[in-house]
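Colleague: Attaching a predicted model along with its sequence, questions to come.
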Amino acid sequence: MKRAGILFAILLLPMPFTANADECPLSAPVKMNDKQVLALQLISEQTVTLSMADLDKLPQTTITSERRNQSSNTSGNPDVQTVTWTGVLLKDILLKNGLDKIDDHAVRQYHFEAIATDGYRGIFSWGELFNTSMGDQILVITKMNGANLDKQAGPLALRALADNRPGPRHVRNLCGISAIR
């Protein structure tokens, strides 16, 4: 049991990746082109790629959150910044791309990795996504405050906005989602 906890912590650390910028480091790396922004390696053997237009056709969700910045002022009170995130819930992407066709009991054995172009990974269980209210706040982000993400963050990012510490599962430059059993 102790080893599983250590392994989990290691998987959340940034992992070095040296592939081309147009390759997404899924278990079977996927070459991406200018229109493809997200590769899915789910329970079927086939990789599906989505464009920004494909994501725009899915149900859009907007979540407003507050960020507190203690270090930017001298009064001792944190500055509060309101941020509006827009995109598609991770669970909606999974369901619209075949997860809804998998036996309900079998799919519960999977966890899902959100993978960045640099190899960084955020991990989510089936239970978090589909059996708790947290699933309604795990967002594949296409816009921040109404504008497209900048080059450092996107074109896509993923945030688990209900996490107490959102940093460890904030995936910038999201390029892939994979199902792992």
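Modeller: Looks like it arrived, so ask away.
Colleague: Tell me where the longest strand sits in the chain.
Modeller: Ranked by residue count and defined by DSSP state E, the top strand of the chain is strand 79-89.
Colleague: And the next helix or strand past it?
Modeller: helix 90-96 (DSSP states H and E).
Colleague: what comes up buried for the helix or strand just after that following helix?
Modeller: Remark: after helix 90-96, the chain's next helix or strand is helix 104-107, criterion DSSP H and E. By 16 or more other Cβ atoms under 10 Å, the buried positions in helix 104-107 come out as Val107. (C-beta placed from N, C-alpha, C; glycine too.)
Colleague: And the following helix or strand past helix 104-107, how far out from the chain middle?
Modeller: Counting by DSSP H and E, the next helix or strand C-terminal to helix 104-107 is strand 111-116. Strand 111-116 sits 7 Å away from the centroid of its parent chain (Cα atoms, centre = their mean, to the nearest Å).
Colleague: so who does the residue nearest the centre of the chain touch?
Modeller: Closest residue to the average C-alpha location of the chain: Leu158 at 3.3 Å, with Cα atoms, centre = their mean. Leu158 makes contact with 90, 114, 122, 138-141, 169-171, 174, according to Cβ atoms under 8 Å, 6 or more residues apart in numbering.
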